[in-house]
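J.: here is a sequence with its predicted model. Questions after.
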Amino acid sequence: MERKHEVYAIFHGWKGILDKEVRRVTSKDLIDIAFEGGTFIRTSRTNPFKDEARLRPSPGI
């Protein structure tokens, strides 16, 4: 039985969520990186709870 799921990558951790760096990925996007070290989506040390400017709602939300 085949199941259909949509997979999304959030780039740069919390920063990616806040900056809307989210992208739908497929198995074709991920197959080449399956055997590499490191991280495809990169990381970030952004702490959204320490940045008061980011705590304000974005326009249109």
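T.: Right, received. Where do you want to start? Numbers count the residues shown, from 1 in each chain.
J.: just for this protein, where's the confidence low?
T.: The chain contains residues with pLDDT under 70 at 1-2, 37-38, 51-61.
J.: which residue ranges form the strands in it?
T.: 7-10, 22-25 (DSSP state E).
J.: just tell me which of those strands ends up closest to residue 31.
T.: In terms of C-beta to C-beta, the element of the strands of the chain nearest to residue 31 is strand 22-25, at 10.5 Å. (Each C-beta comes from the backbone N, C-alpha and C, glycine too.)
J.: for that closest one, the distance to its chain's centre please.
T.: Centroid separation for strand 22-25 versus its chain: 7 Å, with C-alpha atoms, centre = their mean, to the nearest Å.
J.: thinking again about what came up before, save the strands of the chain as a markdown table, and put in mean neighbour count too.
T.: Shown next, in a markdown table, are these (neighbours: other C-beta atoms under 10 Å):
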| stretch | mean neighbour count |
| --- | --- |
| strand 7-10 | 12 |
| strand 22-25 | 12 |
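J.: I'd like these as JSON lines, with distance to residue 33 appended.
T.: Converted to JSON lines, the strands of the chain look like this (distance: least, C-beta to C-beta, whole Å):
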{"stretch": "strand 7-10", "distance to residue 33": "11"}
{"stretch": "strand 22-25", "distance to residue 33": "10"}
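J.: residue boundaries of the helices in this protein?
T.: Counting by DSSP state H, one finds helices in the chain at the ranges 13-18, 27-31, 52-55.
J.: winner for burial among these?
T.: Across the helices of the chain, averaging neighbours per residue (mean count of other C-beta atoms under 10 Å) puts helix 13-18 on top, at a mean of 17.
J.: what's next to that helix, contact-wise?
T.: Applying C-beta atoms under 8 Å, 6 or more residues apart in numbering, the external contacts of helix 13-18 come out as 10, 21, 22, 41, 42, 43, 44, 45, 46, 47, 48, 54.
J.: weed out the non-buried ones from those residues.
T.: 21, 41, 44, 46 (16 or more other C-beta atoms under 10 Å).
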